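Asks: Got a predicted model here, sequence first, then my questions.
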Amino acid sequence: MEQQSAIIMWFRRDLRLSDHPALSAAAATGRPVIPLFICDDLTDKLGAAPKWRLGLGIEAFQSALGKAGSRLILRKGIALQVLQDVVAETGASAVYWSRAYDLDAISRDTQLKSALKDQGVEAKSFPGPLLFEPWNVATKTGQPFRVFTPMWRAVQGRAVPQPLAAPTRLTPPVHWPESEDLSSWRLGAVMNRGAQVVKPFVQPGETAALVVLQGFLNRLPDYSRNRDLLASEGTSTLSEYLSLGEISPRRIWHAVQNAALNGVSGSDAYLRQLVWREFAYHLMFHWPHITYQNWKPEWDQFPWQTRTDQPEVLAWTRARTGIPVVDAGLREMYVTGRMHNRARMIVASYLTKHLMTHWKIGMRWFEDCLIDWDIAANAMGWQWVAGSGPDASPFFRVFNPVTQQEKFDPDGEYVRRWIAEGQANPPDTALAYFEAIPRAWGLAPDDGYPQSVVELADGRRRALAAYEHYKNQ
């Protein structure tokens with residue numbers, strides 16, 4: 001009976017069919033496979049944009065499974081209770097899933113694995129969205145890496161498993177369990193009218209991810225030169241697909257390596273960035289507090305202001321700081337759900353240094369607004385800029401937004417694309433910001449562009465003075 005009993009394949013942030021170790025293992029048994037997605041409390045806690053994007057990803061994955069002769073069962077509730085219910089309804093004897101590496105997910109998975117095993121159900125986890133498991137990468141003394149460059153050197157020549165093909169067949173159960181309707185979950189409710197503004201910029205699903213990957217491979221030779229140019233499509237634009245597991249980092253790694261073997265230049269520069277993402281996950285696994293408090297405890301008493309209702313912070317969140325490149329980055333995020341990586345560094349430096357505001361405020365705003373939100377990358381990125389994280393940019397390194405714009409948007413194309421005020425005929429992208437934001441903000445494209453909320457030189461001096469005083473204390 002156990003040979004024929006079903007395996008529940010519990011999908012989380014791994015919405016793909018190919019290079020999916022857990023799914024491939026389930027399919028290889030020849031037993032019936034019941035794909036399941038659970039909307040539990042960790043899903044409910046997602047910010048507005050990532051939760052909405054998750055709904056689109058689930059919808060696309062439902063379609064992909066349907067074309068493969070299977071289906072995705074949707075249930076809402078406490079994960080353990082849902083799994084126990086589906087086991088009871090179907091007679092399934094095993095639950096497979098891909099590992100997660102953040103503290104809340106690890107705690108949940110550890111508890112339910114123990115409970116399921118106590119009930120005689122096989123509970124098995126498989127490698128998650130990484131190139132290497134965090135416990136398999138260490139210094140010569142056996143410690144996890146705290147600095148990126150030595151980690152990059154350590155893994156640069158290490159073998160990465162080849163990506164797995166999608167299963168050719170998923171055996172269906174004799175009787176499918178009941179499924180809830182995705183629309184009843186209202187995953188996009190908090191997005192309100194912003195959803196219709198962002199939607200044209202989103203192509204969810206594994207098929208779309210592979211198309212984007214191929215497009216990036218065509219641009220790979222120019223990656224090093226263009227990746228920091230704000231108006232150029234110089235980055236991979238794969239972050240939202242990685243964030244939901246619609247593509248695996250192993251597939252990207254090998255696609256870029258194969259391009260290099262065929263004479264395409266630029267591979268090392270990009271693979272380094274892929275390992276930078278890996279570094280964030282390894283740090284989060286070994287030091288879970290990186291996602292909610294200063295990684296370096298000596299920063300706990302630094303005098304950042306922590307109120308979100310301060311005029312300067314409201315100006316930042318509403319993209320009305322009076323600093324064009326800062327506002328452009330924040331508006332790009334509101335309209336597309338994404339932000340250029342260089343812009344992320346600029347707006348984060350401005351908030352934490354010129355405005356002397358705690359990085360947690362910025363991190364939470366990104367968590368609410370980014371469709372490519374990633375718990376590890378978001379936390380490490382903010383702490384890197386703020387100076388409180390591992391291998392961080394020192395606090396005294398204060399990005400000057402004006403010189404950053406001169407260097408990375410010399411023609412002003414990026415700023416014009418996203419800021420309508422002052423333009424006689426602003427582009428649709430700039431006007432879309434006013435369609436996406438809450439009406440309560442009372443903003444319109446014919447408003448005058450604001451004065452700077454803080455003079456850049458004054459903000460820099462204030463930040464450096466605070467740092468010097470704190471360091472001396």
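Replies: Received, thanks. Every value quoted in this text rests on a predicted model; they were computed, and no experiment measured them.

Asks: Show me the helices in the stretch 301-450 of the chain, by range?
Replies: Assigned by DSSP state H, counting those that start in this stretch, the stretch 301-450 of the chain shows helices spanning 311-317, 324-336, 341-349, 359-369, 375-386, 401-408, 413-418, 428-436.

Asks: Can I get those helices in a markdown table including mean neighbour count and distance to Gly194?
Replies: C-betas here are computed from N, CA, C, even on glycine. Formatted as a markdown table, the entries for the helices of the stretch 301-450 of the chain read as follows, by neighbours: other C-beta atoms under 10 Å; distance: least, C-beta to C-beta, whole Å:
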| stretch | mean neighbour count | distance to Gly194 |
| --- | --- | --- |
| helix 311-317 | 17 | 14 |
| helix 324-336 | 26 | 7 |
| helix 341-349 | 23 | 19 |
| helix 359-369 | 21 | 9 |
| helix 375-386 | 24 | 19 |
| helix 401-408 | 16 | 25 |
| helix 413-418 | 20 | 15 |
| helix 428-436 | 18 | 4 |
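
Asks: nearest to Phe61, of those helices?
Replies: helix 375-386 (20.2 Å; C-beta to C-beta).

Asks: average model confidence for the closest one?
Replies: The average pLDDT within helix 375-386 is 96.

Asks: Dump it to PDB, keeping only the CA atoms.
Replies: Listed in PDB are the C-alpha atoms of helix 375-386, where the atom choice follows Å, rounded to 0.1, in the frame of the first residue of the first chain:
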ATOM      1  CA  ILE A 375      14.000  38.400   3.000                       C
ATOM      2  CA  ALA A 376      17.700  37.700   3.000                       C
ATOM      3  CA  ALA A 377      18.800  40.100   0.200                       C
ATOM      4  CA  ASN A 378      16.600  42.900   1.600                       C
ATOM      5  CA  ALA A 379      17.900  42.700   5.100                       C
ATOM      6  CA  MET A 380      21.600  42.400   4.100                       C
ATOM      7  CA  GLY A 381      21.300  45.200   1.500                       C
ATOM      8  CA  TRP A 382      20.000  47.700   4.000                       C
ATOM      9  CA  GLN A 383      22.500  46.700   6.700                       C
ATOM     10  CA  TRP A 384      25.300  46.900   4.200                       C
ATOM     11  CA  VAL A 385      24.400  50.400   3.200                       C
ATOM     12  CA  ALA A 386      23.700  51.500   6.800                       C
END
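
Asks: and that helix, what does it pack onto?
Replies: helix 267-286, helix 341-349, helix 359-369 (3 or more C-beta pairs under 8 Å, 6 or more residues apart in numbering; DSSP states H and E).

Asks: I'd like to know which of those is closest to Leu42.
Replies: Closest among these, once you apply C-beta to C-beta, is helix 359-369, at 13.1 Å.

Asks: So which elements touch that closest one?
Replies: helix 48-67, helix 311-317, helix 324-336, helix 341-349, helix 375-386.

Asks: Reformat those helices as CSV; add distance to Val211.
Replies: Rendered in CSV, the data for these read as follows (distance: least, C-beta to C-beta, whole Å):
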stretch, distance to Val211
helix 48-67, 13
helix 311-317, 33
helix 324-336, 18
helix 341-349, 21
helix 375-386, 23
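
Asks: Phi first, then psi, for Met9.
Replies: Geometry field for Met9 lists phi and psi as phi -100, psi 100, criterion degrees, to the nearest 10.

Asks: Contacts only, for it.
Replies: When contacts are counted by C-beta atoms under 8 Å, 6 or more residues apart in numbering, Met9 touches Ala22, Leu23, Ala26, Val33, Ile34, Pro35, Leu36, Tyr96, Trp97.
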